[in-house]
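Colleague: The sequence and its predicted three-dimensional model are supplied below.
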Amino acid sequence: MNRLLSIGQAFLTFILVAVLAACGNTPPPCTADELLPPQVTSGPSEGEIIATLRPSFAWQLVNDCAVQGYQLEIGNEQQAIISNTATTSWAMNADLQEATRYSWKVAAVAPDGTVGPFSRSTTFFTGPTCSANQMMEISLDSPSSGQVVGQGAPELKWSYASYQQSSVCMPEGHRFVVQNQSTGQVVLQGDGGPHTSFSTSIQYLEDCQRYQWWVIPTMDGQPANSYGSKKASFSSNFGGLCASCDSANLQAPVPLTPPDGAIWTQPSPVVTWGYDQPYCLDAFEFRAEISPDPSFAPPVTNTQFPAHEFSMMFDPAAYLLQDCTTYYWRVFALQSDAGGSQVSQVSPTFSFITDFTGNCQDEVPGEKPGGKVVRDSVCRGGPGTAYPIRLYLSGETQADFLGRSEDSNWLVIRRPDGYGECWMSASLLETIVSFENLPVYAAPPLPVVELPTPKPEKEDICIKPHHPDPENNCWIWFPDKCQWECWN
């Protein structure tokens, strides 16, 4: 009997110890001050274009205390979806909007209902991606044309019509380029996803310089140059110490396009020029003139610009070119001297011939060497594949030859869009008129630019949370993932 009591007492003692042990393993409730951001385990990643409109999300609790549940936020610029769940995963039960930018984050909720700190916000995009016939023009928002920036690393911002209007497609990505306008050196270049901004802490501008920048969308991983933005010119002045312009040293602008003797195929005239005077803050202007009369007797169309503009498109509603006609153009640099009188310098005069339909050959004096592109090809900035691509040309495109390399393996052609010239391999051209007597063009210097690798956006906004468990040595901080991980 005593032995049976001893066995029963031992069994009851075992049950009591087991119950107490189980109670001891139950984590205590979290207080609001203890909550840490949950660790994301799956879901749309930063900058990703997702194929589904009903994505799933998952995470895990970092704390060793008990929580009531979690709050998940998914939002775009117009609305936010807030979901409360008791589990560490959640899936959309309704479609997100197509071609829209979203961000998502998750936080733990304490037993008293307090919402803790959120995980790092992750931006993603819904598809589908844009095809060629869906692409729309990109607008450059900041720095805007004519803006004076006061720091060496201004944020780049642009907008895309189909993206802003939640259109039927999303751009696959963008390439942005910042170039010193005086030297032609590319000071910043990068490729990214559908993001419409870029920021970095690396100083990529120099003081008292003039720059231009542009953005090109990408399709199938390649830049779609035909759908790129216009170029925006801006200037740097970090401390207000840039030199003032001296009207006595005013220089003549350098005409660029249309090049002298070009064939122009568009009814609306567009002219561009360069200016080599070092940057200065004092305002001066350019005036462009165009006329069928080489003496620029009326009619003359002209306009005035602030000095940061280096191109001009004449208003088609006010002035259209006539077909099969020779036109002359020039540009003035204008500035007032100390006495208030206007000082000017004028560029050399360039001419071009209009031919909108290709039927003006009889009116264009002299037969020019030329040919046609034998297949879809590229036209480059110099005689070799190391030079950047300037233009994509389809097969059967007619080409006017301007010059050749010394070995005649590369030809300089007039760009069919009227914007200057570029180089093509002679093997890609079918010769209609011989180019043996073409002048030899010197190869331009190869662009050699050492650029820092832009940091991903997520590194710029990563905030390191508190150590999950200072007494446990298994935890290791991974900066590239911006998260703690326990490695046993």
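Modeller: Here it is on my side, so go on. Because the structure is predicted, anything quoted here is derived from the model rather than measured. Numbers count the residues shown, from 1 in each chain.

Colleague: now the strands for the stretch 201-350 of the chain?
Modeller: Listed in chain order, the strands of the stretch 201-350 of the chain (DSSP state E, counting those that start in this stretch) span 210-219, 222-223, 232-236, 254-257, 262-264, 270-274, 285-291, 301-306, 311-313, 326-336, 342-346, 350-354.

Colleague: can you state the direction angle for the third one and strand 210-219?
Modeller: Right, strand 232-236. Relative orientation of strand 232-236 and strand 210-219, computed by axes from the mean of the first three to the mean of the last three CA atoms, to 10 degrees: 140 degrees.

Colleague: now what about strand 232-236, what contacts it?
Modeller: Residues from elsewhere that reach strand 232-236 (CB atoms under 8 Å, 6 or more residues apart in numbering): 140, 143-150, 152, 181, 205-214, 279, 281, 308-310. Placement of C-beta: from N, CA and C, glycine included.

Colleague: quick one: that strand to chain centroid distance?
Modeller: Distance of strand 232-236 from its chain centroid, counting by CA atoms, centre = their mean, to the nearest Å, is 16 Å.

Colleague: picking that back up, distance to residue 196 and mean neighbour count for the strands of the stretch 201-350 of the chain - can I get that in TSV?
Modeller: TSV is the format used below for the strands of the stretch 201-350 of the chain (distance: least, CB to CB, whole Å; neighbours: other CB atoms under 10 Å):
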stretch	distance to residue 196	mean neighbour count
strand 210-219	9	21
strand 222-223	16	16
strand 232-236	15	22
strand 254-257	29	18
strand 262-264	34	20
strand 270-274	26	18
strand 285-291	31	20
strand 301-306	26	15
strand 311-313	24	18
strand 326-336	33	20
strand 342-346	39	14
strand 350-354	36	20
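
Colleague: Output those as a markdown table; include the columns mean pLDDT and distance to residue 174.
Modeller: Converted to a markdown table, these look like this (pLDDT from 0 to 100; distance: least, CB to CB, whole Å):
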| stretch | mean pLDDT | distance to residue 174 |
| --- | --- | --- |
| strand 210-219 | 87 | 5 |
| strand 222-223 | 80 | 9 |
| strand 232-236 | 85 | 15 |
| strand 254-257 | 81 | 25 |
| strand 262-264 | 81 | 30 |
| strand 270-274 | 79 | 23 |
| strand 285-291 | 85 | 30 |
| strand 301-306 | 68 | 27 |
| strand 311-313 | 64 | 22 |
| strand 326-336 | 84 | 32 |
| strand 342-346 | 79 | 38 |
| strand 350-354 | 86 | 33 |
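
Colleague: Find the centremost residue of this structure, please.
Modeller: residue 176 (3.4 Å; CA atoms, centre = their mean).

Colleague: What is the end-to-end distance of stretch 392-400?
Modeller: 16 Å (CA to CA, to the nearest Å).

Colleague: Check which residues of that stretch are buried.
Modeller: For stretch 392-400, a neighbour-count test (16 or more other CB atoms under 10 Å) marks 393, 397, 399, 400 as buried.

Colleague: Please parse the chain into its domains.
Modeller: For the chain, the domain assignment from automatic domain parsing gives the residue ranges 39-127, 135-236, 247-362, 370-454.

Colleague: As TSV, those domains with distance to residue 28 would be great.
Modeller: Below are these laid out as TSV (distance: least, CB to CB, whole Å):
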stretch	distance to residue 28
domain 39-127	5
domain 135-236	42
domain 247-362	64
domain 370-454	45
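
Colleague: Which one, of those, ends up nearest to residue 29?
Modeller: Nearest to residue 29 among those is domain 39-127 (4.4 Å), distances taken as CB to CB.

Colleague: Can you give me the first-to-last residue distance of that closest one?
Modeller: Note: domain 39-127 ends 26 Å apart using CA to CA.

Colleague: Stretch 202-219 too?
Modeller: Start-to-end, stretch 202-219 (CA to CA) is 28 Å.

Colleague: Return stretch 253-268 as CSV; C-alpha atoms alone will do.
Modeller: Output of stretch 253-268 as CSV, limited to C-alpha atoms (Å, rounded to 0.1, in the frame of the first residue of the first chain):
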residue,chain,number,x,y,z
PRO,A,253,28.1,80.1,-80.3
VAL,A,254,29.1,76.9,-82.2
PRO,A,255,26.4,75.6,-84.5
LEU,A,256,25.9,71.9,-84.3
THR,A,257,22.7,70.6,-85.9
PRO,A,258,21.5,70.6,-88.6
PRO,A,259,25.1,70.3,-89.8
ASP,A,260,26.2,72.4,-92.7
GLY,A,261,24.8,71.0,-95.9
ALA,A,262,22.5,68.5,-94.2
ILE,A,263,19.3,67.1,-95.7
TRP,A,264,16.5,67.9,-93.3
THR,A,265,13.4,65.7,-93.4
GLN,A,266,11.0,67.3,-90.9
PRO,A,267,8.7,70.3,-91.5
SER,A,268,9.5,71.8,-88.1
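
Colleague: How much space separates residue 379 from residue 265?
Modeller: 16 Å (CB to CB, to the nearest Å).

Colleague: between the two, who's got more neighbours?
Modeller: Using other CB atoms under 10 Å, the more surrounded residue of residue 379 and residue 265 is residue 379, with 24 against 14.

Colleague: Contact partners for that one?
Modeller: Residue 379 neighbours (CB under 8 Å, 6+ apart): 389, 390, 391, 392, 393, 413, 415, 422, 423, 424.

Colleague: Can you give me every residue that contacts the nearest residue to it once chain neighbours are set aside?
Modeller: Distance criterion CB to CB, 6 or more residues apart in numbering; nearest residue to residue 379, sequence neighbours excluded, is residue 422 at 3.7 Å. By CB under 8 Å, 6+ apart, the contact list for residue 422 reads 379, 380, 381, 390, 391, 412, 413, 415.

Colleague: Going along the chain, name the helices of the protein.
Modeller: Counting by DSSP state H, the chain has helices at residues 2-25, 161-164, 457-460.

Colleague: returning to what we had before: okay, the strands of the stretch 201-350 of the chain in TSV with distance to residue 197 next?
Modeller: Putting the strands of the stretch 201-350 of the chain into TSV (distance: least, CB to CB, whole Å) gives the following:
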stretch	distance to residue 197
strand 210-219	10
strand 222-223	18
strand 232-236	15
strand 254-257	30
strand 262-264	36
strand 270-274	27
strand 285-291	31
strand 301-306	26
strand 311-313	25
strand 326-336	34
strand 342-346	39
strand 350-354	38
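
Colleague: Out of these, which is closest to residue 190?
Modeller: Residue 190 lies closest to strand 210-219 among those, at 10.3 Å (CB to CB).

Colleague: Direction included, what does the closest one pair up with?
Modeller: strand 173-180 (antiparallel), strand 222-223 (antiparallel), strand 232-236 (antiparallel) (DSSP bridges).
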